[in-house]
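[1] Got a sequence here, can you model it:
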Amino acid sequence: MKEKKKTPLPESNPFVEGLLDWMDSPDGELTIEVIDTLAPLLEAMEVDAKARKLIWPDGTRLTIDEAVQRIQSEHPQFPIEQIEDRLISWLEMGYAPEHYSQQQLDELDHLTEQWIEDHYRSQQ
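    Got it, this is the predicted structure:
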C-alpha cells in the first residue's frame, strides 16, 4: 500500500498577516476606499507632463496641489496626504498611454520624475 504524502501546511507569514491586519484597520479601510474611489478618475485622466498638469475628464487642467484640493473638496473624509500619495503613485507607475512609443514613454518618465521631485521640494 502506497503511503500518501502529506502536503505541508503553509507557515505563517508575518508580512501577510500584518497586511491583512492593516487592511482590516480603520486606516487600511480608508486607504482602500481612497484607492477605489480615485481609480475610475485616474483611468479617465490625461497628463501633460511638459506643462505639469493633470487633465481631468472635463478638460480642466490642474497642478498636483490643485487636483488634491479638488478631490478633497469632493471627498472631505479623505486625508490630503492619502490623496496626494495616490495621485503621485499613479503618475510614477500607473500612467502610460498605450499609443506612446518607447521613446515617448522614456520622455514621460523623465518629465514626471522631475515634476514630482520639484513638487516635493516646493513643499519643504
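[2] helix or strand for I71, which one?
    helix 64-74 (DSSP states H and E).
[3] helices or strands up against that helix?
    helix 80-89, helix 102-122 (3 or more C-beta pairs under 8 Å, 6 or more residues apart in numbering; DSSP states H and E). The way it works is simple: take the backbone N, C-alpha and C, and place the C-beta from them, glycine included.
[4] The longest one: which residues count as buried?
    When you say that, I think you mean helix 102-122. 108, 111-112, 115-116, 119 (16 or more other C-beta atoms under 10 Å).
[5] what's the model's confidence in that helix, averaged?
    Mean pLDDT, computed over helix 102-122, is 94.
[6] Sketch out the low-pLDDT regions of the protein for me.
    For the chain, applying pLDDT under 70 flags the ranges 1-11, 22.
[7] hmm, who's touching the helix holding I71?
    By C-beta atoms under 8 Å, 6 or more residues apart in numbering, the surrounding residues in contact with helix 64-74 are 38, 41, 52, 54, 56, 62, 78, 80, 83-84, 87-88, 91, 115, 119.
[8] In JSON lines, list the helices and strands packed on helix 64-74 along with distance to G18.
    As requested, the helices and strands packed on helix 64-74 are arranged in JSON lines below (distance: least, C-beta to C-beta, whole Å):
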{"stretch": "helix 80-89", "distance to G18": "19"}
{"stretch": "helix 102-122", "distance to G18": "27"}
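[9] Those: which one's closest to V47?
    Between V47 and the helices and strands packed on helix 64-74, the tightest spacing by C-beta to C-beta is seen for helix 102-122, at 7.6 Å.
[10] The closest one to helix 64-74, inter-axis angle?
    Counting by axes from the mean of the first three to the mean of the last three C-alpha atoms, to 10 degrees, helix 102-122 lies at 80 degrees to helix 64-74.
[11] which helices and strands does helix 102-122 pack with?
    Counting by 3+ C-beta pairs under 8 Å, 6+ apart, helix 102-122 packs on helix 64-74.
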